[in-house]
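Enquirer: sequence and predicted structure are below.
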Amino acid sequence: MDTSNETTPSNKSKSYSFQAEVAQLLHLVTHSLYSNPEIFLRELVSNASDACDKLRFEGINNAALFEDAPNLSVRVSFDTEAKTITITDNGIGLSQQEAIDNLGTIAKSGTRDFVSKLSGDQKSDAQLIGQFGVGFYSGFIVADKITVESRRAGLSHAEGVRWISGGTGDFDVETIDRAARGTSITLHLREDALEYLNGWKLKSIINKYSDHISLPILMQKEVWQESEVEGEPGHMVKTDEWETINSASALWTRNKKDITEEQYIEFYKQLSRDQEAPLSWSHNRVEGSTEYTQLLYIPAKAPHDLFSRDVKTGIKLYVKRVFIMDEAESLMPMYLRFIKGVIDSADLPLNVSRELLQESRDVKAIREGNTRRVLSMLETLSSSTDSADQEKYAKFYAEFGSVLKEGLGEDFSNKDKIAKLLRFASTTHDEASVSFADYKARMKEGQDAIYYITAETLAAAKNSPQLELFKKKGIEVLLMADRVDEWALNFLNEFDGTPLQSVAKGAVDLGKLQDEDEKKAAEEAAETFKPLLERLSTSLKDKAKEVRVTTRLVDSPACLVGADGDMSSQLARMLKQMGQQAPDIKPILEINPEHALVKKLEGSTTHFDDLAHIIFDQALLAEGGLPEDPAAYVKRVSALLV
Ligand SMILES: Nc1ncnc2c1ncn2[C@@H]1O[C@H](COP(=O)(O)OP(=O)(O)OP(=O)(O)O)[C@@H](O)[C@H]1O
């Protein structure tokens, strides 16, 4: 908060400016045609429920915070005369400073990123906001003024706060006396939103979006009253009785068979802030030495920060229905960080901290149970013969496949299960749809390895000279162009007993697939070309580790390969691009003795050195690299062209 923007309009209240991003967001909220205005109630009820969760949590170690009101609830009321809707909770409340900080700035970096993506184009931005949800600020979809009154639990009555804003550039804050703990948010409705001054409408919105909230949501009971004037219609009038209008039991504690598909989906949307329905979910009560309830969802879409350094896992931890923490990273391995859900443990102590979680044996058991459950959900989807499931798996894989691969390095005990879930493109299939098992089933007689190639793009992989011999012999090769592939495959030497072999590493050994004549011809070529190889080695001594003759090429003059056990040049390049340390690896240059250029080279005396460098640099270009000295390369080629 930029306090230099404070002004003092009256003795009592101070005016503050919204952080620039908030002002931008508010402008959009109030000026865009909001596609789904009723979500304001969902957002505010959800904040009220979060505030009660926070009080419960702080109250574990400080029971005095509950004062004389231990029963937490959210009340929703409306006033047709004043044209207002008020949402009141008796949760943790806000201190004056918290009101200034939390209701004037956007604290969450995710939300800030989101705002920075707004284009200024009203239509597309409105759609984006619709997908995202704007929390507290969504009140301004229906209100042209919002009054927040609050007192933080633990503070005296005199330390209440009133926050008022018309949703434009600034807001006013003053100290008030407030007996009730918690927060009341009053929306002064815009003329075009007066339809929400209707008990039936408000109830139906709450039932639609907030039924699973674990606290009671109360509204004043209304009864029908006939008109006293004959001939005039009757109307609903409020009574003094408050009634609970939601089921008020946390969704995951209910019996599976009592929960509808819509309720599961709605709960997911609240939990994840994702507007798209999840692909699949699993809800179980786990019994045994560690008891807990798990409700895990596979989202349909990756969040924008999936690969950012400080991305968190999506699991909320509850202990006996008391909310303990968001983003409980100990409950799910990093490679499954995209899973959203709730774990409710019956065994953990209520005052468990993040540090304690890391050491807990119960947590370890829950984490293993969660991992097993997610992998088996994925296994079920991936092996289903139902076309809708297959489509879901393809969608899942396109969004999260790269993250799943991290599991090969991260989760040794489940490596085989993860490997089964992987899908790749291949020389015979353009889509990432080939599993290792599919590949194995199509292997040629005599083939004893799963061949793959890694490259920076799929096109580079597909057109790599290293595939020429494989294409000629009709051997399928898996194409890997995902950044993580090279690293992940380091951890997988075999699949179901068949070794994995990179076609870009080591000498070609097609084993039984190569006949004796071919092997003999190769040996003879190596002998014949010995003098040429020596000359090339001398010319390229700074660039190539070794120069040798190969049988893997058909149409290309040369290619680069890594020595067995060396890091591949793509991986080294990638690490360097990311600013990390990578060893300087010299590749092996392999030449095709059948190629005209190589034959020409053999007899060449004048341009030998230039030709040698050109051949090397072209091999580098072919695999997606760049010559070390591009200008020198161009010069050499130009000299030959004239
Ligand atoms: N009823 C409330 N009681 C106490 N604090 C509240 C209440 N409503 C909002 N706040 C505070 O205001 C902050 C901003 O609310 P807002 O809904 O914009 O974001 P959020 O809840 O943090 O994020 P999101 O809604 O995206 O989960 C909250 O983090 C919370 O600190």
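Expert: Cool, the structure landed. What you see is a predicted model; the values in this text were computed from it and never measured.

Enquirer: and the residue of the stretch 351-500 of the chain found nearest the ligand, how far from Gln294?
Expert: Residue nearest to the ligand within the stretch 351-500 of the chain: Arg354 (19.0 Å; C-beta to the nearest ligand atom). Any C-beta I mention is one placed from the backbone N, CA and C, and that applies to glycine too. Distance, Arg354 to Gln294, by C-beta to C-beta, to the nearest Å: 19 Å.

Enquirer: who's more crowded, those two?
Expert: For Arg354 against Gln294, the residue with the higher neighbour count under other C-beta atoms under 10 Å is Gln294, and the figures read 22 against 13.

Enquirer: phi and psi next, for Lys600.
Expert: Lys600 has phi and psi values of phi -60, psi -40 when expressed as degrees, to the nearest 10.

Enquirer: I meant to write Ala460 there.
Expert: Per degrees, to the nearest 10, the residue geometry at Ala460, taken as phi and psi, is phi -60, psi -40.

Enquirer: repeat for Asp172
Expert: Here is the backbone geometry of Asp172 (degrees, to the nearest 10): phi -110, psi 140.

Enquirer: do Leu295 as well
Expert: As for Leu295, its main-chain torsions (degrees, to the nearest 10) stand at phi -130, psi 110.

Enquirer: okay, and the beta partners of it?
Expert: Beta-bridge pairing of Leu295, defined through DSSP bridges, involves His283, Val342.

Enquirer: just the pLDDT at it, thanks.
Expert: Residue-level confidence at Leu295 comes out at 98, pLDDT.

Enquirer: is it true that it touches Ala250?
Expert: No. Under the criterion of C-beta atoms under 8 Å, Leu295 lies out of contact with Ala250, with a separation of 9.6 Å.

Enquirer: of those two, which one has the most company?
Expert: For Leu295 versus Ala250, neighbours defined as other C-beta under 10 Å are more numerous around Leu295 (25 against 19).

Enquirer: and for whatever residue of the chain ends up closest to the ligand, the neighbour number?
Expert: Here the residue of the chain nearest the ligand is Gly135; by C-beta to the nearest ligand atom that distance is 2.3 Å. The burial metric for Gly135, expressed as a neighbour count using other C-beta under 10 Å, is 19.

Enquirer: which non-adjacent residue is nearest it?
Expert: If the residues on either side of it in the chain are set aside, Gly135 comes closest to Glu43, at 5.5 Å by C-beta to C-beta, 6 or more residues apart in numbering.

Enquirer: and Asn490, by the same measure?
Expert: In space, Asn490 comes closest to Gly409 once its chain neighbours are excluded; the distance is 7.3 Å by C-beta to C-beta, 6+ apart.

Enquirer: now for the one you found, how many residues are close by?
Expert: Residue neighbour count, defined by other C-beta under 10 Å, stands at 17 for Gly409.

Enquirer: contacting residues around it?
Expert: Contact partners of Gly409, counting by C-beta atoms under 8 Å, 6 or more residues apart in numbering, are Trp487, Ala488, Asn490, Phe491.

Enquirer: 7 Å instead?
Expert: Gly409 makes contact with Trp487, Ala488, Phe491 under the criterion C-beta atoms under 7 Å, 6 or more residues apart in numbering.

Enquirer: ok, and for the strand or helix carrying it, which residues are buried?
Expert: Applying DSSP states H and E as the criterion places Gly409 in helix 387-410. With burial defined by 16 or more other C-beta atoms under 10 Å, the residues of helix 387-410 counted as buried are 389, 392-394, 396-397, 399-410.

Enquirer: show me the shaky parts of the protein.
Expert: When the per-residue scores of the chain are filtered using pLDDT under 70, the ranges that remain are 1-11, 32-35, 107-115, 117-133, 309, 506-513, 569-570, 574, 577-578.

Enquirer: how does it divide into domains?
Expert: Taking automatic domain parsing as the domain assignment, the ranges for the chain are 3-244, 251-387, 408-510, 513-641.

Enquirer: endpoint to endpoint, the second one covers what distance?
Expert: It refers to domain 251-387. Across its full length, domain 251-387 reaches 30 Å end to end, with C-alpha to C-alpha, to the nearest Å as the criterion.

Enquirer: Leu194: neighbouring residues, count only.
Expert: When counting by other C-beta under 10 Å, one arrives at 12 neighbours for Leu194.

Enquirer: nope, Thr293 is what I meant
Expert: Per other C-beta under 10 Å, the neighbour tally for Thr293 reads 18.

Enquirer: try Asn592
Expert: The tally of other residues near Asn592 (other C-beta under 10 Å) stands at 24.

Enquirer: OK, contacts around it?
Expert: Contacts here follow C-beta under 7 Å, 6+ apart; on that basis Asn592 touches Thr550, Leu553, Ser556, Pro557, Ala558, Val598.

Enquirer: which residue packs closest to the first one, ignoring adjacent ones?
Expert: Among residues not flanking Thr550 along the chain, Glu590 sits closest, at 3.7 Å (C-beta to C-beta, 6+ apart).

Enquirer: how about whichever strand or helix holds the one you found as PDB, C-alpha atoms only?
Expert: Using DSSP H and E, Glu590 sits within strand 588-591. Backbone C-alpha positions of strand 588-591 (Å, rounded to 0.1, in the frame of the first residue of the first chain) are rendered in PDB as follows:
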ATOM      1  CA  ILE A 588      31.600 -37.700 -32.000                       C
ATOM      2  CA  LEU A 589      31.400 -36.900 -35.800                       C
ATOM      3  CA  GLU A 590      30.200 -39.900 -37.800                       C
ATOM      4  CA  ILE A 591      30.500 -39.800 -41.500                       C
END
